[in-house]
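Trainee: coordinates for the following, if possible.
(chains A and B)
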Amino acid sequence: MRISSMPFHDFLNRISLKAVQHLYTMERKLVSSSLKSVIARNPRVSIDLSILEERLWKCQKLKDFLQIHAQMTVSGFINDSFAASRLLSFCTGFHFLALDYSRQLLNQIENSNTFSWNTIMRAYVRRNVPQCCLPLYRLMLKCDLVPDNYSHPIVLQACCLRFCVDARFLFDESPVLDSVTWNSILAAYVQIGDVDESVYIFDNMPERNTIASNSMIALFGRSKLVEDARKLFDEMTSKDTVSWTAMISCYEQNEMFREALELFTLMRVCGIQIDEVVMVSVLSACASLGATKEGEAIHGLIIRIGIQTYVSLMNSLIHMYLSYRNINAAELLFDLGYSDQISWNIMISGYLKCGFVDKARHSFDSMPRKDLVSWSTMISGYAQHGRSSDTLALFHEMQIRGVRPDETTLVSVLSACTNLFALEQGKWVHAYIRKHAFQINLFLGTTLVDMYMKCGCTMTALEIFDEMEETSISTWNALILGLAMNGFFKEALEKFSNMERCGVLPNETTFVGVLGACRHGGLVDKGWEYFNSMKNIYNLEPNIKHYGCMVDLLGRAGLLNDAKKLIKDMPIAPDVSTWGALLGACKKHGNTDIGERVGRKLIEFEPQHDGFHILLSNIYASEGKWDNQMEVRSVMKKRKVVKIPGCSIIEADGNVHEFLSGDNVHPQMNEIEKILNEMARN
DNA sequence: GTAGGGTTAG
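Mentor: Numbers count the residues shown, from 1 in each chain, chains lettered A, B, ... in the order given. Next comes the predicted model:
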């Protein structure tokens, strides 16, 4: 009887392997379709070691892997313990499959060997779930398998990652330590990023081998200790490809992209063998630099030396082209079909960065398997494009599907709540964080401070700030801006001094908060002082928000001429908020129709400018000229201008519009000045 | 007969 003529379930019953059942429940749809297609195309499946090697070498997609697995199951080749362990070790490094799949595969193998168990345990350590390692080790002993000299270092690493002191005891008490054990314990400290302990182990190693030095360079790189890394690199007597790669990636991770490219050039000059891993870092450096020429040259190099079929390399190339906004090149590469989980995630994030939100969603919906990064990318993409209700909806869907978010996901969701002023949802997420005992890290803490501040809950925001162990300039900015926004101008300025005392350097955003506080407090002298210190002390160029704020501060204090002069002298084009501030000042002088005339003039200059329509509409409203306001509103309606709720004239338009693109002359000012002078004469 | 160290996506 031909297998292909049987219904699928009959087939399953007939071969009655527990394994296929497992497989079937795990990836129901995909497996059933892949098994079906294997059976349909290949009724008498035959496979041996060389075919397996060849197929694994070519295996790039989930479907490819499932076919191999199915084929091995059907043919019974899975019971060959060597072949099974080959399949398993490939599986643990395959990004389209969750680790559970490998674990189930281990169950399926009837005569598994120590190698297979080691492979899974190592994967647990690598994928940061060391807690699964020890139970597996116990099970291994129960199954009468004898651990070998590879097993113990892995278990040691796992223990070390969980409870360092225990593992350390084992290590310290061990009578015989080979270099594998030394490297393992070092690797464990390196993985948790414990620089002090790693250096201690490294210094006490009987012999510093290349492997240990390489992982130390990587650790220094991740810990921002570039100079230590370089020192060690220079001191090494024998450097291999990995050493060079570690140093180049150290530069890359610390945003020293030029240095990374220079070292790569030197590496080639020195005739060191280059491989796909070093290319990944180099391509990433090119992407960050926006160095299209270099990137394309390296693409050529990749084709010439023939390592174009490595998935991680493909991914880096796709990522690079997306960062150059070269969607076509990225799609061409992606469509070659060497994709894995990461390729899909890269495409989605690339589409989002280029503003193609719906395209991203389409990819998201059509990818074979979504992992946490896929969900986070899409959710944060929605959040960053202001599509806050989509953000919350997708987060909701994620939970329905039972995918557990991590800190990054929660940051995106909270920022969406902030944009929507959705305090209740934000509080719900905060409660979720507490309930699931998430650590309030730097990013999560900063986002919470920002959310509570923007929703007016100053005290809650302050409490969270005080509880934070680590802060950054963004945290201080959220705090200072928030205090200023909520009317606590004294406190905002106090926090600014605290920040300076802590040695944190302010940036442009900080001064938006500081000047905002001065504006709220009507502190003209202080305002000038900070405004000048921005340039003179901190070497920061004031932007439109700073000018707008100063114009408003001066205008409110009745210093109309100073405000006018500031607008005239400013090196960048005034935006709608700046003009709004000036109009507010005019109004304060009691001249009611001046705003209207300036508003109309501005629209005449820039009829496409949504902000000016909002401005004029607000002016009419403040003067009680409802008919006129209706008139402007009907124009706005035609132009589909959305009025931002709760915004005053000053914040009528949250975005900075440059109505004279790139041009520093403001011809409007002359016209408007005439009107203002007329007003002054009256 | 494969296994340690270096990499890419939010």
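Trainee: list the helices and strands the helix or strand hosting residue A:105 packs on?
Mentor: Taking DSSP states H and E as the definition, residue A:105 sits inside helix A:99-108. Counting contacts by 3 or more Cβ pairs under 8 Å, 6 or more residues apart in numbering; DSSP states H and E, helix A:99-108 packs against helix A:18-26, helix A:81-92, helix A:114-126. The way it works is simple: take the backbone N, C-alpha and C, and place the C-beta from them, glycine included.
Trainee: give the buried residues for the helix or strand following the last one.
Mentor: The reference is to helix A:114-126. Next along the chain after helix A:114-126, taking DSSP H and E as the criterion, comes helix A:133-142. Using 16 or more other Cβ atoms under 10 Å as the test for burial, helix A:133-142 gives A:133, A:136, A:137, A:140.
Trainee: quick one: contacts of helix A:133-142?
Mentor: Helix A:133-142 has contacts (Cβ atoms under 8 Å, 6 or more residues apart in numbering) with A:114, A:117, A:120, A:121, A:124, A:125, A:147, A:151, A:154, A:155, A:158, A:159.
Trainee: from the chain's centroid, how far away is that helix?
Mentor: Distance of helix A:133-142 from the chain centroid (Cα atoms, centre = their mean, to the nearest Å) equals 36 Å.
Trainee: same deal with stretch A:130-143?
Mentor: Here stretch A:130-143 is found 34 Å from its chain centre; the criterion is Cα atoms, centre = their mean.
Trainee: same question for it, mean pLDDT?
Mentor: In this model, stretch A:130-143 carries a mean pLDDT of 86.
Trainee: report pLDDT for the residue of the stretch 501-650 of chain A found nearest DNA strand B.
Mentor: The nearest approach of the stretch 501-650 of chain A to DNA strand B comes at residue A:509, 20.1 Å away (Cβ to the nearest atom of the strand). Among the per-residue scores, residue A:509 shows a pLDDT of 94.
Trainee: now swap in the one 10 residues further on and tell me
Mentor: Listed pLDDT for residue A:519 reads 93.
Trainee: return the residues in contact with it.
Mentor: Going by Cβ under 8 Å, 6+ apart, residue A:519 touches A:484, A:527, A:549, A:552, A:553, A:556.
Trainee: try 7 Å this time
Mentor: Applying Cβ atoms under 7 Å, 6 or more residues apart in numbering to residue A:519 gives the contacts A:549, A:552, A:553.
Trainee: tell me what the one helix or strand the last one maps to is packed against?
Mentor: This points to residue A:553. Element membership of residue A:553, judged by DSSP H and E, is helix A:544-556. Counting contacts by 3 or more Cβ pairs under 7 Å, 6 or more residues apart in numbering; DSSP states H and E, helix A:544-556 is packed against helix A:508-521, helix A:524-536, helix A:560-569, helix A:576-588.
Trainee: show me which residues of that helix are buried.
Mentor: In helix A:544-556, counting by 16+ other Cβ under 10 Å, buried: A:544-556.
Trainee: let's have the residues you listed in TSV, adding distance to DNA strand B.
Mentor: Formatted as TSV, the buried residues of helix A:544-556 follow (distance: Cβ to the nearest atom of the strand, whole Å):
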residue	distance to DNA strand B
A:544	27
A:545	25
A:546	29
A:547	32
A:548	30
A:549	31
A:550	35
A:551	36
A:552	35
A:553	37
A:554	40
A:555	40
A:556	40
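Trainee: out of these, which two sit at the greatest distance?
Mentor: Checked with Cβ to Cβ, the buried residues of helix A:544-556 reach their widest spread between A:544 and A:556, with 18.3 Å between them.
Trainee: tell me the spacing between residue A:213 and residue A:247.
Mentor: Taking Cβ to Cβ, to the nearest Å as the criterion, residue A:213 is separated from residue A:247 by 11 Å.
Trainee: of the two, who's got more company?
Mentor: Each of residue A:213 and residue A:247 has its neighbours counted (other Cβ atoms under 10 Å); residue A:247 has more, 30 against 23.
Trainee: give me the contact list for the one helix or strand that one maps to.
Mentor: Under the criterion of DSSP H and E, residue A:247 resides in helix A:241-253. Contact with helix A:241-253 is made by A:210, A:213-214, A:217-218, A:220-222, A:226, A:229-230, A:233, A:236, A:259-260, A:263-264, A:267, A:272-273, A:275, A:277-278, A:281-282, A:284-285, as judged by Cβ under 7 Å, 6+ apart.
Trainee: count of neighbours near the closest residue to residue A:509 other than its chain neighbours?
Mentor: Distances taken as Cβ to Cβ, 6 or more residues apart in numbering put residue A:477 closest to residue A:509, at 4.7 Å, once the chain neighbours are dropped. The number of residues packed near residue A:477 is 24, by other Cβ under 10 Å.
Trainee: surely residue A:477 meets residue A:513?
Mentor: Yes - counting by Cβ atoms under 7 Å, residue A:477 does reach residue A:513; the two are 6.3 Å apart.
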